[in-house]
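**Student:** Using only what follows, build the 3D model:
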Amino acid sequence: MTLSTHELVITAKPGRKRRLPGDPGRPLTASLASSAASRVVFSTLLVVWFALPLLPLALWAFADRWSYPAIAPTSWGLEGVRAAIASGGPSAFGRSLTLGLIVAIVATAIGALAARGLVAGWAPFPKTLTVLLFAPVAIPPFAMVMGTNVMLLRAHVPASLGVMLVLVAVAAPYTTFVLRTAYAAHDLGFEEAARVLGASRLQVLRRVHLPLMAPALTRAAFLAFLVGWSDYIVTLIIGGGQFVTLPMITVSLAAGIGNDSVVALLSLTATIPPLMLVILLACTGSRNRP
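**Tutor:** Residues are numbered from 1 along each chain as shown. Here you go, the predicted structure:
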């Protein structure tokens, strides 16, 4: 068998470097350095792309006055901070955070059960179950919320509980889709081997299943958290004004005049939890990468 000049050249002699396929004159170390530099440049451009729209918000949040045509605020101060506190921003932030976490936990658990049942084939009526799970995505949100609101009111369901239930139903299709793909590639042989070696079902779940599925479960929980954290329509209609969250306060203040600084501050605050979760996901992914 004859090797072409474009095949990988590897030698055991000291002082010789490995070379890439199709580029016999380029050392492997140079290629790795170029790839690392490309990733750094791409990551930097991506950060700038997402951070650039936040710059005006950061300026407005601490600007007491910003008149046209000045390119920077003409008067700085903390009026936005005081207005945000007076309007109930901290308590609304806490409600939104609690809502997002509850939706993430419950929707991820439902998505995991549904995804594993659909992939393994033990879920009853898989086609009907798939249609029911993905129905909230196909139905227009306003129509779904209006119909659900009537049912919840007649059932005397508390406003906060109703908001959580509806948002879980909205987030479940996303978690099911993400986890269904992950379970399709999941090897059950690891769990079967653990059972053969004497591990209980709980031990298999804690020490085998969850560690293997942790990346997919984290991604699904992140999507579900975004649904609960950023929702406005469901919280407004189902909550009936009794369950006030950060998006509701931000929209109500944005409808007024002269609230630029407080709206900018609340909008900037709304980006903090998702941004922290993205950083956490990136750090977790880099640690788990071989």
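
**Student:** how many other residues sit next to L118?
**Tutor:** 20 (other CB atoms under 10 Å). Where you see a C-beta, it was placed from the backbone N, CA and C, and this is true even at glycine.

**Student:** For it, list the residues it contacts.
**Tutor:** 126, 129-130, 176, 180 (CB atoms under 8 Å, 6 or more residues apart in numbering).

**Student:** Distance check, it against A84.
**Tutor:** 44 Å (CB to CB, to the nearest Å).

**Student:** buried stuff in stretch 99-108?
**Tutor:** Of all the residues in stretch 99-108, those buried under the rule 16 or more other CB atoms under 10 Å are 99-104, 106-108.

**Student:** Who are the packing partners of the strand or helix carrying I279?
**Tutor:** Using DSSP states H and E, I279 falls within helix 272-288. If you count contacts as 3 or more CB pairs under 8 Å, 6 or more residues apart in numbering; DSSP states H and E, helix 272-288 packs onto helix 210-230.

**Student:** Mind listing what's buried along the helix it packs on?
**Tutor:** 213, 216-230.

**Student:** and if you look at stretch 118-129?
**Tutor:** 118-119, 123.

**Student:** export that stretch as CSV, just CAs?
**Tutor:** Included here for stretch 118-129 are C-alpha records, laid out as CSV according to Å, rounded to 0.1, in the frame of the first residue of the first chain:
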residue,chain,number,x,y,z
LEU,A,118,-40.7,8.0,24.6
VAL,A,119,-37.1,6.8,23.8
ALA,A,120,-37.3,3.6,25.7
GLY,A,121,-40.8,2.7,24.3
TRP,A,122,-42.6,2.1,27.6
ALA,A,123,-44.7,5.3,27.5
PRO,A,124,-48.3,4.5,26.7
PHE,A,125,-49.7,6.0,23.5
PRO,A,126,-46.4,7.6,22.4
LYS,A,127,-47.8,9.6,19.5
THR,A,128,-50.7,11.0,21.6
LEU,A,129,-48.3,11.9,24.4
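
**Student:** returning to what we had before: got TSV for the buried residues of stretch 99-108, with secondary structure and pLDDT too?
**Tutor:** Formatted as TSV, the buried residues of stretch 99-108 follow (DSSP: H, G, I helix; E, B strand; the rest coil; pLDDT from 0 to 100):
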residue	secondary structure	pLDDT
L99	helix	95
G100	helix	95
L101	helix	95
I102	helix	96
V103	helix	96
A104	helix	95
V106	helix	96
A107	helix	95
T108	helix	95
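
**Student:** Out of those, which comes closest to P53?
**Tutor:** G100 (21.8 Å; CB to CB).

**Student:** Could you check the pLDDT of the residue nearest the centre of the chain?
**Tutor:** The structure's the chain has its C-alpha centroid closest to F222; by CA atoms, centre = their mean the separation is 3.1 Å. Per-residue pLDDT puts F222 at 93.

**Student:** Quick check: chain neighbours aside, which residue is closest to it?
**Tutor:** L277 (5.5 Å; CB to CB, 6 or more residues apart in numbering).

**Student:** What segments of the stretch 101-250 of the chain are strands?
**Tutor:** Taking DSSP state E, counting those that start in this stretch as the criterion, the stretch 101-250 of the chain carries no strands.
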